[in-house]
Each structure stands twice: as structure tokens, then as C-alpha cells.
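> heads up, no residue letters with this:
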């Protein structure tokens, strides 16, 4: 799966955002925006994700980009076909969490 990219009309690419320090990026914000960001950073990953999603939706005209719905439909059909054909193996979420945590723990050693 390719990473999600967000492009804004007449704006600089967002690729530089990850490279800026928090202090540098906060200094460019209004005091109100900095306060909102500070409070948002206290939220869980899930809550921040929901906020990001809602904010991203608010940047557009509210309608999905042309072809997005059809592309997701095609992707879902492909995944279902791979599961039904046995090409991919379903793994319970708890098992994946254990595997992932084991991988992270082993990587730190």
C-alpha cells in the first residue's frame, strides 16, 4: 500500500513537515493554533487520527476526489478475492499484535 499524501492547492508540499523540529513548526503557528496543537498532542493516537481525518476532510470541498470511491471498491474486491482463494491467510488481530510487539522488542536488543 502506498503512503497517503495530501496536497493543498497553492501550498508548499507537506514533505518537509516531518523534517522540522516541533519547536520550529510551532513558532510558525498562531498562538491559537499552537494551543490547539499542544492539546491535540495530549490525545491518544486514535483520537489524533480521527482529528487529522476530520481536518483533512475540511480542506476540500467535502466531496471525495474523482475515482477514490471506485478505487477503494476495486481494492476491497481484490482483497476479498485473495482471502476467498486462499492466496492470503487471515490472522487474528491479537496474534498480529503479539507478533508486532515481539518484533519491536527484538529490534531494540
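Happy to help now that I have it. Source: prediction; values computed, not measured. Residues are numbered from 1 along each chain as shown.
> buried stuff in the top helix by length along the chain?
For the chain, the helix with the greatest residue count under DSSP state H is helix 68-85. Buried residues in helix 68-85, defined by neighbour count with 16 or more other Cβ atoms under 10 Å: none. Just so you know, the C-beta spots here come from the backbone N, C-alpha and C atoms, and that holds for glycine as well.
> same deal with stretch 83-102?
With the criterion 16+ other Cβ under 10 Å, stretch 83-102 contains no buried residue.
> count of residues packed around residue 107?
7 (other Cβ atoms under 10 Å).
> state the helix or strand in which it lies.
In this structure, residue 107 sits in helix 93-108 according to DSSP states H and E.
> swap in residue 58?
helix 45-59.
> next SSE after the helix or strand bottoming out on mean pLDDT in the chain?
For the chain, the helix or strand with the lowest mean confidence is helix 22-27, at a mean of 50 (criterion: mean pLDDT, DSSP states H and E). In the C-terminal direction, the helix or strand that comes right after helix 22-27 (DSSP H and E) is helix 31-40.
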